[in-house]
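J.: sequence? don't have it. structure:
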């Protein structure tokens, strides 16, 4: 472990070093802030960052350790937080001028969990407008002419740029996996209902999920482990035992995993570098990977996702529509306009069809450990958009855990994400399969 | 216990007599069938009744007992079942010509529970058209020129007419309490989510509840106790311990109950005999009852109920609309037509407002054991309608347990129901409060 460049440390290593007293949280946070000062003018990942407040938190954590207080698994480790997640000590502006200067009175459930684990809330990362499609200011650290992806743009970019080892974001369509893939980091969206969403800008109860970013699988597991739990304020969470992500991930998979390579009905959107990369990957995996075709009826799922997302967004952003739709982007205004006209009949039928679809996938997961599929259609496009979300849509709709692994590159040398999708509530086993896949690809 | 007229026995007494061997199930069922033969031409409570099949079930129960098999709490006791509840051995026609002759392949969850408790499924009782507003053939046993109420018309009438000691029905607006009140029997609708609904014609996930009819509180408790439980096929049920309804109901209430007399914003619909009856009742109760006014905003709740019910009915009866709307009543066709045009925005906002409303009532129930309010606007009107449902609407919308007690009469001598409403999941305590109230009113 190289402690001379603390900003490069994995979070798991940093947490161990802080616990052991070989480095202070203040030193780590100070190094992250220095890195931010160096690259933020190009990357622009942060919506709110108060250096003094970050350092004060770090010193408080160091004091607690010095005083012999019990310390948590993330004690002293900085985390970036998407600016749609409420923080009692920092503004939360939801990426819209309508909420400029908005200061929440309390922490979101996940912020309280992070603080309980000892984390330093470093600052708030840039989100697209209301976590939808209109880009914020953030650039892709791998190529500033490209989008970092969205909507969790700043969280992915900050981790990729070495500004912070961990960040959290949210996904309603592709907002964790797409930016992770474009920026070349790990991005994990656990099963719907695993991480409580109270205190986060609500777009869609059916689709919204919290997710995590890191530069390695150990850090993904470490962070995810702190965030699952029951919250009576989130009606989709359930009382259940904490999931030992790290422990399960690091176990040897009992039988060697089998992957289902699923092109999905939108395969024609995948560009040539994506097709080539997946040809090579599936060749490496050989018999461990089998191409599977989804039933043709599955092609309708993208339309159901749109119906559900737009109808629920229209209800959840009704106040914004009523009080300031002229200050929303045209794209969001059009989206909300469509959502307001969705019939309850079509909305309910889409929900019912999705419930039915979930059953179909149970059969697939009886034979395979995970689905293997691209996270995006290709590498990051120019900054005008946040890229095509469609390779994530189906899995978000189904509420399945999914992870993007930065294992490949396109013709332009920019990162391509490998998406693995697990069975519902099979989150820890998905990470175990991901670790196995990373080992296969990176084996000497 | 008078065993010479078994059809008049309370279910609890009949179950004890059968368990003790002092009467056979066959003798009891035979007596019920004789009573049905005598009064069915006037009352018309049954949609399907196969005497031989009922007697065969009774003889099978008698054989089991004779052979020393373990017997359930309802062993050998006949129960009437609303004809929207699937039975594998009898047709289930849902009160519409569109489903004439429909034979389900399986039992509804509650039917399986009744059979497990040893009950004899006596037959299927008349429902209004698709459990909505258009009356079936049933007449009020107290006065055949009047409606029995709906939609569980046959279940209430069969119990009131002494044809069967127990019956089950459903309520989406007022379909348990209203017929119970009009027919002068006890009708209990437990909290939403307490009794699984799988295998029952689905109108509205948000509102549909199963409920029970009997001629006394002991029988209400006995029957309800058999029907609660978790069913993965009903997403609103939860794993929980069985509720000891009978035991809790028969305990002395620790402090003397306090009732909140709530006139609701629709009090002007209550007729003069209802007003007079409640004046007298609250006078008898004195300090144990306090008049409470609901916030004026509550008046909107009836509109939210309509939005939710019609939107969900339109989705659940979409196939009936598409394949046979010309064979539905004008009233149902109009209702479905409106429901199909409800916007997802208004539907979701109604759901959100109801969730908020529930919080307001928690405060009320912190100070009172139950709400006291009429079950209906007055006594049963003529047979052209099933009567005004509005005195039940609010409580159904809130998912609260409610019971109608046949304690009063109108100017015309016909029954008036006293409605008691308890806190959510406070079902057993509501029955305890009901027992206390019955004792107050019937005290010599």
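T.: Good, I have the coordinates. A quick note: this is a predicted structure, and the numbers were derived from the prediction, not measured. Numbering: from 1, shown residues only, chains lettered A, B, ... in the order given.
J.: measure how the lowest-mean-pLDDT helix or strand in chain A sits relative to helix B:344-367, angle-wise.
T.: Every helix and strand in chain A was compared by mean pLDDT, DSSP states H and E; the lowest is helix A:344-367, with a mean of 92. Put simply, helix A:344-367 runs at 80 degrees to helix B:344-367, going by axes from the mean of the first three to the mean of the last three Cα atoms, to 10 degrees.
J.: centroid residue for chain A?
T.: Compute the mean C-alpha point of chain A, and by Cα atoms, centre = their mean the closest residue is residue A:176, 3.0 Å away.
J.: that one and residue A:213 touch, don't they?
T.: Yes - in terms of Cβ atoms under 8 Å, residue A:176 counts as a neighbour of residue A:213; the distance is 7.4 Å. Yep, even glycine has a C-beta here, placed from its N, CA and C like the rest.
J.: if we can go back for a sec, what's the closest non-adjacent residue to the residue nearest to the centre of chain A?
T.: Once flanking residues are discounted, residue A:176 sits nearest to residue A:211: 3.5 Å by Cβ to Cβ, 6 or more residues apart in numbering or on different chains.
J.: now that neighbour: how far from residue A:240?
T.: From residue A:211 across to residue A:240, the span is 19 Å (Cβ to Cβ, to the nearest Å).
J.: just want to know which of those two has more residues nearby.
T.: residue A:211 (29 against 12; other Cβ atoms under 10 Å in any protein chain shown).
J.: mind pulling up the pLDDT for that one?
T.: Looking at residue A:211, its pLDDT is 98.
J.: ok so, going back, common neighbours of residue A:176 and residue A:213, please.
T.: A:152, A:169, A:187 (Cβ atoms under 8 Å, 6 or more residues apart in numbering or on different chains).
J.: just the ones of these in helices?
T.: If you go by DSSP state H, the shared contacts of residue A:176 and residue A:213 have nothing in helices.
J.: in strands only, show me these.
T.: Secondary structure from DSSP state E places A:169, A:187 of these in strands.
J.: most neighbours, which of the shared contacts of residue A:176 and residue A:213?
T.: residue A:152 (38 neighbours).
J.: if I look at that residue, how far off is residue A:95?
T.: Going from residue A:152 to residue A:95 by Cβ to Cβ gives 11 Å.
J.: now do the shared contacts for the two.
T.: With Cβ under 8 Å, 6+ apart, residue A:152 and residue A:95 have common neighbours A:127, A:131.
J.: what's stretch A:310-319 in contact with?
T.: A:130, A:132, A:202-207, A:321, A:335-336, A:338-340, A:342, A:347, B:344-345, B:348-349, B:352.
J.: that older thread, can I get the shared contacts of residue A:176 and residue A:213 in TSV with distance to chain B and pLDDT?
T.: Converted to TSV, the shared contacts of residue A:176 and residue A:213 look like this (distance: Cβ to the nearest Cβ, whole Å; pLDDT from 0 to 100):
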residue	distance to chain B	pLDDT
A:152	25	98
A:169	25	98
A:187	29	98
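J.: pull out the buried positions in the helix or strand harbouring residue A:319.
T.: Assigned by DSSP states H and E, residue A:319 falls within helix A:318-324. Residues of helix A:318-324 classed as buried by neighbour count (16 or more other Cβ atoms under 10 Å in any protein chain shown): A:318, A:320, A:321.
J.: what is the nearest of those to chain B?
T.: residue A:318 (6.9 Å; Cβ to the nearest Cβ).
J.: wait, what's in contact with residue A:358?
T.: A:398, A:399, A:424.
J.: can you tell me which residues in the stretch 251-400 of chain A are near chain B?
T.: Contact residues (Cβ under 8 Å from any Cβ of the partner chain) of the stretch 251-400 of chain A with chain B: A:311-312, A:314-315, A:318, A:339-349, A:352.
J.: out of those, which end up buried?
T.: The neighbour count (16+ other Cβ under 10 Å) marks A:311-312, A:314-315, A:318, A:339-340, A:342-349 as buried among those.
J.: taking those, tell me the two that lie furthest apart.
T.: A:318 and A:349 (22.1 Å; Cβ to Cβ).
J.: what about stretch A:250-264, how long is it end to end?
T.: Distance between the two ends of stretch A:250-264: 30 Å, counting by Cα to Cα, to the nearest Å.
J.: show me which positions of that stretch end up buried.
T.: A:257, A:258, A:259, A:260, A:261, A:262, A:263, A:264.
J.: could you dump the residues you listed to CSV with secondary structure?
T.: What follows is the buried residues of stretch A:250-264, written out as CSV (DSSP: H, G, I helix; E, B strand; the rest coil):
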residue, secondary structure
A:257, coil
A:258, coil
A:259, strand
A:260, strand
A:261, strand
A:262, strand
A:263, coil
A:264, coil
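J.: how far away is the residue in the stretch 51-200 of chain A that chain B sits nearest to from residue A:140?
T.: Ranked by Cβ to the nearest Cβ, the top residue of the stretch 51-200 of chain A for proximity to chain B is residue A:193, at 12.3 Å. Going from residue A:193 to residue A:140 by Cβ to Cβ gives 31 Å.
J.: buried residues, stretch A:408-427. List them.
T.: In stretch A:408-427, counting by 16+ other Cβ under 10 Å, buried: A:408, A:410, A:414-427.
J.: what does the pLDDT read for the most far-flung residue of chain A relative to its centre?
T.: Largest separation from the mean C-alpha position in chain A: residue A:67, at 35.1 Å (Cα atoms, centre = their mean). Note for residue A:67: predicted pLDDT of 95.
J.: do the same with residue A:444
T.: 59.
J.: now swap in residue A:151 and tell me
T.: At residue A:151, the pLDDT recorded in the model is 96.
J.: show me the contacts for the closest residue to residue A:131 other than its chain neighbours.
T.: Among residues not flanking residue A:131 along the chain, residue A:151 sits closest, at 4.1 Å (Cβ to Cβ, 6+ apart). The contact partners of residue A:151, taken as Cβ under 8 Å, 6+ apart, are A:82, A:95, A:127-128, A:131-133, A:169-170, A:172, A:175, A:179, A:386.
J.: that concludes my questions; thank you for your assistance.
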